[in-house]
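Q: Make a model of this:
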Amino acid sequence: MNAPLALLAELTHRCPLRCPYCSNPAVLARSSAELTTAEWADIFAQAAALGCLQTHLSGGEPTARRDIVEITAAAHQAGLYTNLITAGVLLDASLLKRLVAAGLDHVQLSIQDADAANAEKIGGMPGAHARKQQAAQLVREAGLPLTINAVVHRQNLHNLPAIIALARDWGAARLEVAHTQYYGWALANRDALLPTRAQLDEATRIVDAARGGAMRIDYVVPDYHAHRPKPCMGGWGARFLAVAPNGDVLPCHAAQSITGMVFPNIRKSSLHDAWHDSAAFNRFRGTAWMPPPCQGCERAEIDWGGCRCQAFALTGDAANTDPACALSPHHALLSDALAAAATNAFRYREFS
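A: Numbers count the residues shown, from 1 in each chain. Purely as a prediction, here's the structure:
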């Protein structure tokens, strides 16, 4: 069994933005359930011992935690490369200076659009766009590498050329253009977010034409127009693990959407035992669990059956073949969803 390469540390579900495609679960963890600074420090030490090389400090909005500097320092002291995944709206010069001193290595800044009005409509926070621009400038001035992450969908794809230009203007070394993945809040807003096939093809053309310069552009396509599934996370429990704000240890950040599956919790289990021995991590490892048509397919060890969370979201059974595969008996669910995508109204992310 391979060691995990990366740990996603979901420090909190609190966030001043209300993005309708948020990857957090529909039921958000309250601050009273969050792990303490000391618990996160122990997790980082365990992750490094397990073989992790890097940690992504995420949320929610990780800078909503008052101890974000101490948490960053603990990750750095454990020997992990530290990447802050942030909306940027709470990041000021003083905080960034302290984060750099604590050992922060990289910042990944999310944007909702290049057009400020539409960006703030999508994110549900007035004034956010200007704060993000200021955060990007602070990161550049601090000498840290900057990645900009743009989640794209039907309501901002028309501005994709401007999004790419914005990332260059803001000094990003890397831009990730990521089509919305439909689970959690995005699934609840699927009808408002799904792009048409024409939009997808045009977006792909724009990204291909923009590549080749100093700024690297990564591109994540949606599954709903696919004929073969993506190898989600490189396979379930293969190279990645996440720890949720309440301590649940997960094989991917969306795994809590699989209701009924019990995940180990760091307050009762070590990372080592969760990774190697837990029923949840072993449930979909390898190929033995696969049903037809995955079982025996020549792509079984290429795409690993696709996304378990998507299989559950669309069919109600995480063990089914990902409907993104044209061989899945549920493949028609994707075209049905595309045909039903006819609203522009969001259900914003919020605590219930």
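Q: how about the strands in the stretch 201-350 of the chain?
A: 216-220, 240-243, 249-250 (DSSP state E, counting those that start in this stretch).
Q: Show me the one of the ones you listed that comes nearest Pro161.
A: strand 216-220 (12.2 Å; CB to CB). Backbone N, C-alpha and C define where each C-beta goes, glycine included.
Q: other SSEs contacting the closest one?
A: strand 174-179, helix 197-210 (3 or more CB pairs under 8 Å, 6 or more residues apart in numbering; DSSP states H and E).
Q: list the buried ones in stretch 281-295?
A: Within stretch 281-295, the residues scored as buried using 16 or more other CB atoms under 10 Å are 281-284, 289-290, 293-294.
Q: Return the residues in contact with the spatially closest residue to Pro25 that is not a sequence neighbour.
A: Nearest residue to Pro25, sequence neighbours excluded (CB to CB, 6 or more residues apart in numbering): Gln256, at 4.5 Å. Residues in contact with Gln256 (CB atoms under 8 Å, 6 or more residues apart in numbering) are 25, 244, 248, 250, 263.
Q: And Thr55, by the same measure?
A: With CB under 8 Å, 6+ apart, Thr55 has these contacts: 6-9, 44, 47, 75, 80-83.
Q: what's the residue of the chain positioned farthest from its centre sitting at in phi/psi?
A: For the chain, the residue at maximal distance from the C-alpha centroid (CA atoms, centre = their mean) is Gly296, at 30.4 Å. In terms of degrees, to the nearest 10, the main-chain angles of Gly296 are phi 90, psi -10.
Q: Report the residue spans of the stretch 251-352 of the chain with pLDDT below the cut-off.
A: Along the stretch 251-352 of the chain, the parts satisfying pLDDT under 70 run over 352.
Q: what about the helices in it?
A: Secondary structure of the stretch 251-352 of the chain (DSSP state H, counting those that start in this stretch): helices at 271-277, 279-282, 300-303, 308-315, 332-340.
Q: now the last one, how far from the centre of its chain.
A: Read that as helix 332-340. Remark: helix 332-340 is offset 24 Å from the chain centroid, using CA atoms, centre = their mean, to the nearest Å.
Q: Between the contacts of Thr55, identify the one with the most neighbours.
A: When neighbours are counted by other CB atoms under 10 Å, Ala75 leads the contacts of Thr55 with 31 neighbours.
Q: Give me the distance between that residue and Tyr182.
A: Per CB to CB, to the nearest Å, Ala75 is found 31 Å from Tyr182.
Q: what do you get for Thr259?
A: To Tyr182, Thr259 is 16 Å away according to CB to CB.
Q: Please determine how far the residue nearest to Pro25 is located from Gly123.
A: Applying CB to CB, the value for Gln256 to Gly123 is 23 Å.
Q: do Asp92 as well
A: Distance, Asp92 to Gly123, using CB to CB: 19 Å.
Q: So for these two, which sits in the more crowded spot?
A: Legend: neighbour count by other CB under 10 Å for Asp92 and Gly123, higher for Gly123 (26 against 14).
Q: tell me the contacts of the more buried one?
A: The contact partners of Gly123, by CB under 8 Å, 6+ apart, come to 17-19, 87, 112.
Q: Same list (those residues) but as TSV, adding pLDDT, distance to Ile148 and neighbour count.
A: Listed next are the contacts of Gly123 as TSV, based on pLDDT from 0 to 100; distance: CB to CB, whole Å; neighbours: other CB atoms under 10 Å:
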residue	pLDDT	distance to Ile148	neighbour count
Leu17	96	15	20
Arg18	96	20	16
Cys19	96	15	23
Ala87	98	12	27
Gln112	98	11	29
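Q: which one of these is nearest Thr36?
A: Closest approach between the contacts of Gly123 and Thr36, by CB to CB: Ala87, at 23.4 Å.
Q: any idea how far the residue nearest to Pro25 is from Ala75?
A: Distance, Gln256 to Ala75, using CB to CB: 22 Å.
Q: for Gln134, same thing?
A: For Gln134, the distance to Ala75 - CB to CB - is 25 Å.
Q: ok, the residue nearest to Ala280 when sequence neighbours are not counted - contacts?
A: Closest residue in space to Ala280, ignoring its immediate chain neighbours: Phe263 at 4.8 Å, by CB to CB, 6+ apart. By CB under 8 Å, 6+ apart, the residues touching Phe263 are 248-250, 255-256, 274, 278, 280.
Q: Could you do Leu166 as well?
A: 111, 114, 148.
Q: Mind checking which of these land in strands?
A: 111, 148 (DSSP state E).
Q: will you turn the contacts of Leu166 into CSV that also has pLDDT and neighbour count?
A: Converted to CSV, these look like this (pLDDT from 0 to 100; neighbours: other CB atoms under 10 Å):
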residue, pLDDT, neighbour count
Ile111, 98, 26
Ala114, 98, 20
Ile148, 98, 26
